[in-house]
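no sequence on this one, just coordinates:
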Ligand SMILES: NC(=O)C1=CN([C@@H]2O[C@H](COP(=O)(O)OP(=O)(O)OC[C@H]3O[C@@H](n4cnc5c(N)ncnc54)[C@H](O)[C@@H]3O)[C@@H](O)[C@H]2O)C=CC1
Ligand SMILES: O=C(O)C(=O)Cc1ccc(O)cc1
């Protein structure tokens, strides 16, 4: 299925990121948003051209029909937007990118939308920032992108969405809307609420505590910085599955707190309960697939002390290049106010020994 012209409705983070990815692959992209400022910024970023919706202003048909329309607005507006676009025949096929799937599909059916031309979808990639300014053309590279065709869906509509996913460099995962919503409750929505609950503890933490914040708390709370309005819409659209996961998390937390109370009062056996939770956490963490959706990564981490001066990272990567070691990932840990930091390089386990040796030989401190 060839996508020559794609209409993006909602030029925020996700819509503009998809538009940029499509532009890179030579697709013509038309941009629309109820906020004209968002359209202008997306256009200036090179995401496409402004959509001229109506022929002659009053006509009941779109001035041109796109091959596919991507509805990238908050979940509650997906179905009404689909209805409106189908009313003016804006595109041959339609998809959306909302983080919840069952409710928008149900609402679209209720409103009488043409379900043959619509295949709902959801890229499992995003950021804690909103708007076109946060968009990235490579946001979806190697990421899962769910699609949830209904029984009514035309196979060509599905092919169009599969082509979109391919053009964005993502991996298509076909799943029913109900299974999708249960799955994302576990891997995205409940973790978001948990991150917010942890971050909320920091709202009145002392300056001393915040000054001691390291990478761990940043990792655990990053997504808590997201737009509360958007997330209220996401959580409301998947309320029961998310509540179920949160109840299980809350039980674990309550048990851990009681065990720690018992420990503080001298009951040494309480350590068992805590160890069990920590071990279950390791098992769960290790099951998260690595990049490109492959098996969980088992890279070795080589930690290197680096000085806070220009060119340090470039020199470090040069050593990796010299010894022919591919750096799979890099993480920087930097304590505010200190002249030193740690660069953690993820490499194939076989390469870690040689890299450590080469770095030490060249005077790098590898603890
Ligand atoms: N933020 C994230 O990391 C991810 C979000 N999503 C989903 O993508 C969709 C868009 O989210 P973001 O791009 O993050 O939000 P955003 O806030 O960056 O962009 C949403 C855009 O939609 C526009 N909009 C709202 N209602 C509209 C309407 N009725 N018609 C036209 N434009 C309208 C807004 O003006 C805004 O420009 C949501 O459904 C969200 O659930 C999916 C994956 C990741
Ligand atoms: O910021 C991140 O890492 C995310 O995972 C963001 C995200 C938010 C909402 C989604 O529906 C999918 C992904």
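Sure thing, it's come through. Nothing here was measured: the structure is a model prediction, and the numbers come from that model. Numbering: from 1, shown residues only. Ligands and ions are numbered 1, 2, ... in the order given.

leaving aside the residues next to it on the chain, what's closest to residue 221?
Here the nearest residue to residue 221 in space, its sequence neighbours aside, is residue 199; by Cβ to Cβ, 6 or more residues apart in numbering that works out to 4.0 Å. C-beta coordinates here come from the backbone N, C-alpha and C atoms, glycine included.

let me redo that: residue 163
Closest to residue 163 by Cβ to Cβ, 6+ apart is residue 1, at 4.7 Å.

Surely the one you found is in contact with residue 155?
No. Counting by Cβ atoms under 8 Å, residue 1 does not reach residue 155; the two are 9.8 Å apart.

The chain: strands as residue ranges?
Here the chain has its strands, by DSSP state E, at 5-9, 28-32, 49-50, 66-71, 91-96, 120-123, 144-148, 171-174, 300-307, 329-334, 340-347.

Considering those, which stretch scores lowest in mean pLDDT?
Lowest mean pLDDT of the strands of the chain: strand 329-334, a mean of 76.

who does that strand touch, helix- and strand-wise?
The helices and strands touching strand 329-334, judged by 3 or more Cβ pairs under 8 Å, 6 or more residues apart in numbering; DSSP states H and E, are strand 340-347.

got the angle for the strand it packs on vs strand 329-334?
Counting by axes from the mean of the first three to the mean of the last three Cα atoms, to 10 degrees, strand 340-347 points 170 degrees away from the direction of strand 329-334.

got the angle for strand 340-347 vs strand 300-307?
Angle, strand 340-347 to strand 300-307, by the same axes, to 10 degrees: 150 degrees.

partners of the least confident helix or strand in the chain by mean pLDDT in the sheet?
Among the helical and strand segments of the chain, the one scoring lowest on mean pLDDT, DSSP states H and E is strand 329-334, with a mean of 76. Sheet pairing for strand 329-334, assigned by DSSP bridges, gives strand 340-347 (antiparallel).

Contact residues of this structure facing ligand 2?
Proximity of the chain to ligand 2, by Cβ under 6 Å from any ligand atom, involves residues 99, 124-128, 188, 223.

ok, of those, which one's closest to residue 357?
Lowest distance from residue 357 to the residues of the chain next to ligand 2 (Cβ to Cβ) belongs to residue 125, with 36.9 Å.
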